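Visitor: I would like the atomic coordinates for the input below:
(chains A, B and C)
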Amino acid sequence: MARVELNGISKRFGGQVAVEDFDLSIGDGEMVTFLGPSGCGKTTTLRVTAGFEFPDSGSVVVDGKDVTALPANRRGMGMVFQGYALFPNMSAADNIEYGLKVRKQPADQRKRRVAEMLELFGLGHVSKNFPSQLSGGQQQRTAFARAVAVEPSVLLLDEPLSAVDAKVREELRTEIRRMQLRLGITAILVTHDQSEALSISDRVVVMSRGRIEEIGTPSQIYAEPRSEFTASFIGAMNEFPVRIASRSEGMVEREGVRFAVSGASELADGSEGLLLVRPESLDPLESGATPAGPVIRGRVEVQTFLGSQTRLLVREGSGEDATVHGSRLVSVDVPSANAERWPAGTEIAVAIPPRAARVIAARASVVPQAP
Amino acid sequence: MSTTRSTGAPSPTVARRRGGLAALALLPFAFLVLFFLLIPAVSLLVGSFHPSKASGLTLENFGYLRGDDKSLQPFVNSFILSFSSMVTGGVLGLLIAQALVSSRSPRLEQLTITFSSVAANFAGVPLAFAYIATIGVSGLITRFLVGFGLDIYSAGFTLYSLAGLTLVYTYFQLPLMVLLMLPALKAVRREWGEASDNLGATRWRYIRSVVIPVLTPSLIASLLLLFANSFGAYATAYALTTGFVSLVPINISNVIAGNVFFDPGLGDALAVGLAVVMTVCVGGQAILQRRASRWLNR
Amino acid sequence: MRRRNNTAWAVAVIVFAFLYFTVPLVATAAFALSDGRHFTFQPLFDALARDDFQSAMELSIGIAILTTILSIVIVAPTSYLIVLRFRRLRTLVDFVTILPFVIPPIILTLGLRQVYGVESPLGINLVGSPILLIGGYFILSLPFTYRAVDNAMRAVDVVTLTEASESLGAGGVRTFRALILPGTMLGIISAALLSFTTIMGEFTLASLLGYATFPVFLNNVYASEARQATALVIVSFLITWAGVLALAVVGRRAGGSGIAVRRAA
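Guide: Just a heads-up that it's a prediction; the model follows:
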């Protein structure tokens, strides 16, 4: 258990920036996720933390102690690798025992700890199996058990679930979270899977092109993304261009309709903004209703059944307009029970509830310059 | 695994007739294998138990099993040559393969693989002559060393000895080792080392507990193949020594050539002994390779 | 900093490997292509112009081509049928095709000599007949040819292909010609190249059974014309090199590293 501070970490590989100016401090027992597409620098940051790469600048501080120059084998961190990296010549039990042997723990103490770990992770019946004889989920648990058996100060998880199939994945990610809370261990998880990040973290660090896009709790990241990148990377998101009508009143304007929306007071009067609304926040209107707020009109192109919800893809515009190329496609989620009211081809009007929307600065002013 | 042959499905009799025709198509293969492999092999096996001047069965041809010097000598020499060229080729080949893996350069690797394939296949008569030109009595290297005041021939070295043969055999053993070990070394994943580091282990501990156990089956399998490769080799040794060094293949060739000092029964017995050595090596190699792939192929 | 040391070590080893590979070739060229003072191609031209060289080369190439054709014609349908219909024979055939690894050329020569020599117990004297050499070479190259073709058969999943073809009404022979052969063509070309290069360099069988092939000629001519023989070593080396490169090209197109290991003679 420990606090971890990453101060101004930068790392280049042959002139190519992998991470730049990465600042983060992680509290005791906190689970933080680095989320982003491949090549965004999340894995490099994790490897710098573990001591497999040394940063060009910046420092790694654990519990107030600078460990930047310490090699990996003296940092006392535990890591679960993407492909697990289980030693193929050792049984599950021997894999778990390895770190304890390295620490020269007495044999009886080791045996007790291994048995405890096998029990905790439900591996008792396969303890003598070699990795090649374990299922994907069992390998994952073994790797996890091996990493935590030595009671590491920090647990590092590098895409720990990418190698197991979808069904096992959901089960295991809850288990990872349960174990992390139970052991009270500080943990960093790297993933490109947003639902994984949102479901098991205390905080999420969204990364893109070697930089932090934003840091927040899962609900903040989901509901109030502050950058277009985060908005489009996490979940489905509709974007509508708007203009900031009045900064002081927090008003924007879209197609002649003015309304108040959060975020508007942070942008300059008259500047271009993007209005962000989740599909599930959009509200299909009864025919004939005329609300005061902003409305999208269009024609349903296709329905996609998602379970309890059904997503309507709505081509914006009316009549002839609705078939013109280049007009906007809007995703609208409706309860599946009601979906038959809007079969493909029907006209639809959808209200944008201002309270469920946010405005951020339009593209050009947000995206950082490429290095 | 369901096949649909709804229309025109062959009746059982037709299917059987087709099966019969198909079996006919296997006959040429069976014929060639029978006449050019199995019958000659059985003939040797039977011949090895035939006494030279009588009928019946005997073990007299297997003098080497009784420790009879004259017939044991070729086995001892072949063993020394195979073992020494296995060690030189094995150690150097392993070093080169590891250097390639460390270099992490796919281009260098591809280049070395190509060179190694050429060198591993460049054996026999041409190799013998190339080495005579290199380190024979008036070879390029020999004269080069004399220029430095080192006359290796007056120091006791000769290319036409077991030591010389070891040197020549290394030319094809080394690249063979590179080709055999490269896949195994590449299968040692970098993450294993990192996992070990992460758990606090030293480099040496990692090599001892993971790398060596993981590679041992492939390593022994490759060495066995190298051993077999030189134990059965004839052309290089013959071209270099014109049959004066007593090796198992050379002695067999003397029987074939009708040398009066070698009777046919002895030739057959030598051949059977050689086949047994080869079987042990190739069989052991196959078993170990299967064991290695259980760990490495993922 | 540790990494730099690692690289230096690797570079040193690879430089050694390069020297090790090239020095004998340089020495060969240096001896063969000089008359003691000057560089000259004369020994090579002399060797190439010899009648006995040309007849040896003709014999080698002729035998190599005939055996290669025979191998492909026999091995390809056999491998196909084993995979498709006679799966129970698979272990047996695998074993038989590995046997020549356990029975090196020298043993095969002794056996062939005994069975088809002057005192043939079967009453079949094949000494001097190309049949003996072709039969022997078919066996010697079998591990390579069979493995190459068999791998290709498995890679294209001939069972499913055949089932698909038969469900469309095609017969066995048509399926083999129109689907299986083109699908496994790269494997078959590899097999042919392996067979051809193996035979071009084979010395043991030819020499002890009395055939004047190229390697046998090379060995014989050394006694009288060492320089010419050494010049021909370069030719032999180029043949090996061409074979390996051709295999690499075919193998790369088939998606592998393309390198097959032949056994040294």
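
Visitor: Next, the buried residues of the longest helix anywhere in chain A.
Guide: With secondary structure taken from DSSP state H, chain A has its longest helix at helix A:166-183. Neighbour-count burial for helix A:166-183 flags A:168-169, A:172-173, A:175-177, A:179-180, A:183 (criterion: 16 or more other CB atoms under 10 Å in any protein chain shown). Heads up, the C-betas are built off the backbone N, CA and C, glycines and all.

Visitor: Equivalent analysis for stretch A:156-169, please.
Guide: Residues A:156-161, A:164, A:168-169 are the ones in stretch A:156-169 that count as buried (16+ other CB under 10 Å).

Visitor: same thing with stretch A:250-264?
Guide: Buried residues in stretch A:250-264, counted by 16+ other CB under 10 Å: A:250-254, A:259, A:261, A:263-264.

Visitor: what's the first-to-last distance across it?
Guide: In stretch A:250-264, first residue to last residue: 5 Å (CA to CA, to the nearest Å).

Visitor: One more: stretch A:83-101?
Guide: For stretch A:83-101, the first-to-last residue distance is 23 Å (CA to CA).

Visitor: Next: stretch B:228-247.
Guide: Terminal-residue distance, stretch B:228-247 (CA to CA): 14 Å.

Visitor: coming back round to it: of the buried residues of stretch A:156-169, which pair is most distant in space?
Guide: Using CB to CB, the pair of those lying farthest apart is A:156 and A:168, separated by 21.3 Å.

Visitor: just to revisit the earlier point, just the closest of the buried residues of helix A:166-183 to chain C, please.
Guide: For the buried residues of helix A:166-183, the closest approach to chain C (CB to the nearest CB) belongs to residue A:168, at 28.9 Å.

Visitor: Tell me the confidence at that closest one?
Guide: As predicted, residue A:168 sits at a pLDDT of 82.

Visitor: now do residue C:264
Guide: On the pLDDT scale, residue C:264 gets 38.

Visitor: I'd assumed residue C:194 was in contact with residue C:141.
Guide: Yes. Counting by CB atoms under 8 Å, residue C:194 is a contact partner of residue C:141 at 6.6 Å.

Visitor: Which one's more surrounded, those two?
Guide: residue C:141 (26 against 23; other CB atoms under 10 Å in any protein chain shown).

Visitor: and residue C:182, how many neighbours does it have?
Guide: Using other CB under 10 Å, residue C:182 has 11 neighbouring residues.

Visitor: which element is it on?
Guide: According to DSSP states H and E, residue C:182 maps onto helix C:181-183.

Visitor: Export the buried residues of helix A:166-183 to CSV and append columns for distance to residue B:258.
Guide: Formatted as CSV, the buried residues of helix A:166-183 follow (distance: CB to CB, whole Å):
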residue, distance to residue B:258
A:168, 72
A:169, 74
A:172, 75
A:173, 79
A:175, 78
A:176, 78
A:177, 83
A:179, 79
A:180, 82
A:183, 82
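
Visitor: In three-state terms, label the nearest residue in space to residue A:317 that is not next to it in sequence for me.
Guide: Of all residues not flanking residue A:317 in the chain, residue A:327 sits nearest, at 4.7 Å (CB to CB, 6 or more residues apart in numbering or on different chains). Following DSSP: H, G, I helix; E, B strand; the rest coil, we place residue A:327 in the coil state.

Visitor: Was I right to think residue A:327 contacts residue A:301?
Guide: No. Counting by CB under 8 Å, residue A:327 sits too far from residue A:301 to count as a contact (10.7 Å).

Visitor: list residues touching both of those two?
Guide: Among the neighbours of residue A:327, those also in contact with residue A:301 (CB atoms under 8 Å, 6 or more residues apart in numbering or on different chains) are residue A:315.

Visitor: Put the alpha carbons of the helix or strand residue A:32 falls within into PDB.
Guide: Counting by DSSP H and E, the element that carries residue A:32 is strand A:31-35. Extracted in PDB, the C-alpha atoms of strand A:31-35 (Å, rounded to 0.1, in the frame of the first residue of the first chain):
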ATOM      1  CA  MET A  31      -7.400   2.200  -8.400                       C
ATOM      2  CA  VAL A  32      -6.500   4.400 -11.300                       C
ATOM      3  CA  THR A  33      -6.900   3.400 -15.000                       C
ATOM      4  CA  PHE A  34      -4.900   4.700 -17.900                       C
ATOM      5  CA  LEU A  35      -7.300   4.700 -20.800                       C
END
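
Visitor: What lies in contact with it?
Guide: A:24, A:26, A:42, A:45-46, A:177, A:180-181, A:186-192, A:194, A:196-197, A:200-207, A:233-234.

Visitor: Helices - which of those residues land there?
Guide: Of these, the ones assigned to helices by DSSP H are A:42, A:45-46, A:177, A:180-181, A:194, A:196-197, A:200, A:233.

Visitor: so where does the closest residue to chain A within the stretch 101-250 of chain C fall, helix or strand?
Guide: Taking CB to the nearest CB, chain A has its nearest neighbour within the stretch 101-250 of chain C at residue C:154, 22.0 Å off. Using DSSP H and E, the element containing residue C:154 is helix C:130-155.

Visitor: The stretch 1-150 of chain C: helices as residue ranges?
Guide: Listed in chain order, the helices of the stretch 1-150 of chain C (DSSP state H, counting those that start in this stretch) span C:2-32, C:42-49, C:51-84, C:90-102, C:105-116, C:130-155.

Visitor: Noted, bye for now.
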